[in-house]
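In: no sequence on this one, just coordinates:
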């Protein structure tokens, strides 16, 4: 009887390991699908005080191929996100602002993320128009 009980525990352990492995594989597949909609290219962005950014495609071996485009400033992108929540910058922490080309939107986008009041906020803001394209919130 004791041997049957031991085999039952072993079988239960194997089943749990298989289920956990499956969950890990599903998570990895989900991350791969998410990445598919993000950047195919990495851009170097040099910010200046006039809000003009020089965008250079790192995947292009010819660095003379530069595009000068007027984008809203990082501060303006942050202010758009903060105004949407009606909060002040001094109340947020873990602030991160990145300017990237996003395939999902087909354009340059500011990704503004920060924590506020035990929640993590993420905004995707059109770098040209300043329009909020997407926003997400989750419990931190």
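Out: Received it, and whenever you're ready, just let me know what you need. This is a predicted model, so every value here is computed, not measured. Residues are numbered from 1 along each chain as shown.

In: give me the most central residue, the chain.
Out: residue 111 (6.7 Å; CA atoms, centre = their mean).

In: need the nearest residue in space to that residue, chain neighbours excluded.
Out: Leaving aside its chain neighbours, residue 111 sits nearest to residue 98 (4.7 Å; criterion: CB to CB, 6 or more residues apart in numbering). Glycine gets a C-beta too; all of them are placed from N, C-alpha and C.

In: please apply the same query to residue 136.
Out: Closest to residue 136 by CB to CB, 6+ apart is residue 122, at 4.5 Å.

In: quick one: what helix or strand has the one you found in it?
Out: strand 119-126 (DSSP states H and E).

In: which strands and helices sit next to that strand?
Out: If contacts are counted by 3 or more CB pairs under 8 Å, 6 or more residues apart in numbering; DSSP states H and E, strand 119-126 sits against helix 74-85, strand 107-116, strand 132-139.

In: what would the ones you listed look like in JSON lines with distance to residue 17?
Out: Converted to JSON lines, the helices and strands packed on strand 119-126 look like this (distance: least, CB to CB, whole Å):
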{"stretch": "helix 74-85", "distance to residue 17": "43"}
{"stretch": "strand 107-116", "distance to residue 17": "35"}
{"stretch": "strand 132-139", "distance to residue 17": "29"}
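
In: low-confidence stretches in this structure?
Out: For the chain, the stretches with pLDDT under 70 are 31-68.

In: one step back: residue 2 is nearest to which of the helices and strands packed on strand 119-126?
Out: strand 132-139 (45.7 Å; CB to CB).

In: name the strands paired with that closest one and say parallel or antiparallel.
Out: If you go by DSSP bridges, strand 132-139 pairs up with strand 119-126 (antiparallel).

In: quick check: buried residues in the partner strand?
Out: Residues 121, 123, 124, 125, 126 are the ones in strand 119-126 that count as buried (16 or more other CB atoms under 10 Å).

In: longest helix anywhere in the protein?
Out: helix 2-36 (DSSP state H).

In: about what we covered before: list just the nearest of the buried residues of strand 119-126 to residue 102.
Out: For the buried residues of strand 119-126, the nearest to residue 102 is residue 124 (7.0 Å; CB to CB).
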